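Participant: Sequence isn't available, so here's the structure alone:
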Ligand code: G1P
């Protein structure tokens, strides 16, 4: 079998979670539980299911719980062993054994582009994936796997997109692009969080990217843009000027779990799909006089 070319993924997790205050005042938003797993575990599992073996998480102050979650909990395992709960230990070990985890601290939140640049020295000279933890995509074939399969056939930078309602374009990077082969769009240009009037389409960037190391050179030259942050979108625009770059329409139900309403929707859907809780939760929902 041919060796997969993309084995490293960067997960930026240094953001302050201002859309989810007050719960994010002292707790990382990435650790908010979707049923019984923190948001970031869904994203890591998606990456691992897509063949990724090295996960690079960009953290910041107050994010220690993320490192603890993907580490072995020695004290907890001792207690579980002494009380005969070996099954629990096996389940917990699956979390820390999933991949090799590396952490880089971004000392100041300076934007998504800057967060990704922090991983430059760990990526080296390989294509790599970026997954944003706010975007939870539910599909039998994980979103990143869909994109890596496309990359193996068409080795070029690829950005995951989905169509959004025009009233929502202001929340996303929006593509100016033309349909190309195999569910791909050839990107001409990207506009970060445009107004409805400025938006070149309704194709929104959702948080999955396959990038090439050249992006780091471009990020190093990128000046602070929208919101005075180093925007990945600006560096991607520079990359489109040099290389063919595609948008790929991701299949699956996508939730913006960094937003309170999106998080509630994701919670209901994931709870309904849960093998233990799904049926009793459905019965409960049916009883609600909505
Ligand atoms: C970031 C990107 C934006 C993209 C979005 C997807 O924005 O800058 O282009 O559409 O993620 O979730 P953020 O949501 O971090 O403000």
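Facilitator: Arrived safely, thanks for sending. Bear in mind the structure is a predicted one, so any value in this text is a computation, not a measurement. Numbers count the residues shown, from 1 in each chain.

Participant: got a list of what residue 252 touches?
Facilitator: When the contact criterion is C-beta atoms under 8 Å, 6 or more residues apart in numbering, the partners of residue 252 are 137, 138, 139, 143. (Glycine included, C-beta is placed from N, CA and C.)

Participant: One more pass at 10 Å, please.
Facilitator: Residue 252 sits next to 46, 136-143, 146, 160, 162, 206 when contact means C-beta atoms under 10 Å, 6 or more residues apart in numbering.

Participant: Please apply the same query to residue 281.
Facilitator: Shown in contact with residue 281 (C-beta under 10 Å, 6+ apart): 35, 268, 271, 272, 273, 274.

Participant: can you tell me which residues contact the third one?
Facilitator: Neighbour list for residue 271: 34, 35, 36, 277, 278, 280, 281, 282, 284, 285 [criterion: C-beta under 10 Å, 6+ apart].

Participant: one more time with 6 Å
Facilitator: Going by C-beta atoms under 6 Å, 6 or more residues apart in numbering, residue 271 touches 35, 277, 281.

Participant: element containing it, please.
Facilitator: Counting by DSSP states H and E, the element that carries residue 271 is helix 260-273.

Participant: Is that helix positioned near the ligand?
Facilitator: No - on the criterion C-beta under 6 Å from any ligand atom, helix 260-273 is out of touch with the ligand, staying 10.2 Å away.

Participant: and what of stretch 104-123?
Facilitator: Yes - Stretch 104-123 comes into contact with the ligand (C-beta under 6 Å from any ligand atom), by way of residue 112.

Participant: returning to what we had before: in strands only, show me the contacts of residue 252.
Facilitator: Using DSSP state E, the members of the contacts of residue 252 that fall in strands are 136, 137, 138, 160, 162, 206.

Participant: So what does residue 155 have for phi and psi?
Facilitator: Dihedral pair for residue 155: phi -70, psi 90, per degrees, to the nearest 10.

Participant: Can you tell me which of the ones in strands among the contacts of residue 252 has the most neighbours?
Facilitator: Tallying neighbours with other C-beta atoms under 10 Å puts residue 160 at the head of these, with 28 neighbours.

Participant: Retrieve the pLDDT associated with the residue in the chain that the ligand sits nearest to.
Facilitator: For the chain, the residue closest to the ligand is residue 173, as judged by C-beta to the nearest ligand atom, at 2.5 Å. With respect to pLDDT, residue 173 scores 94.

Participant: try the one 5 residues further on
Facilitator: Looking at residue 178, its pLDDT stands at 96.

Participant: looking at it, it is touching residue 186, isn't it?
Facilitator: Yes - in this structure, residue 178 is within contact of residue 186 by C-beta atoms under 6 Å, at 5.2 Å.

Participant: Between these two, which is the more surrounded one?
Facilitator: The residue with more neighbours, out of residue 178 and residue 186, is residue 186; 16 against 12, by other C-beta under 10 Å.

Participant: show me the contacts for that one.
Facilitator: With C-beta under 6 Å, 6+ apart, residue 186 has these contacts: 178, 180.

Participant: Which strands border the helix or strand where it lies, and is each parallel or antiparallel?
Facilitator: Per DSSP H and E: residue 186 is located in strand 184-192. Strand pairing for strand 184-192, using DSSP bridges, gives strand 173-179 (antiparallel), strand 246-249 (antiparallel).
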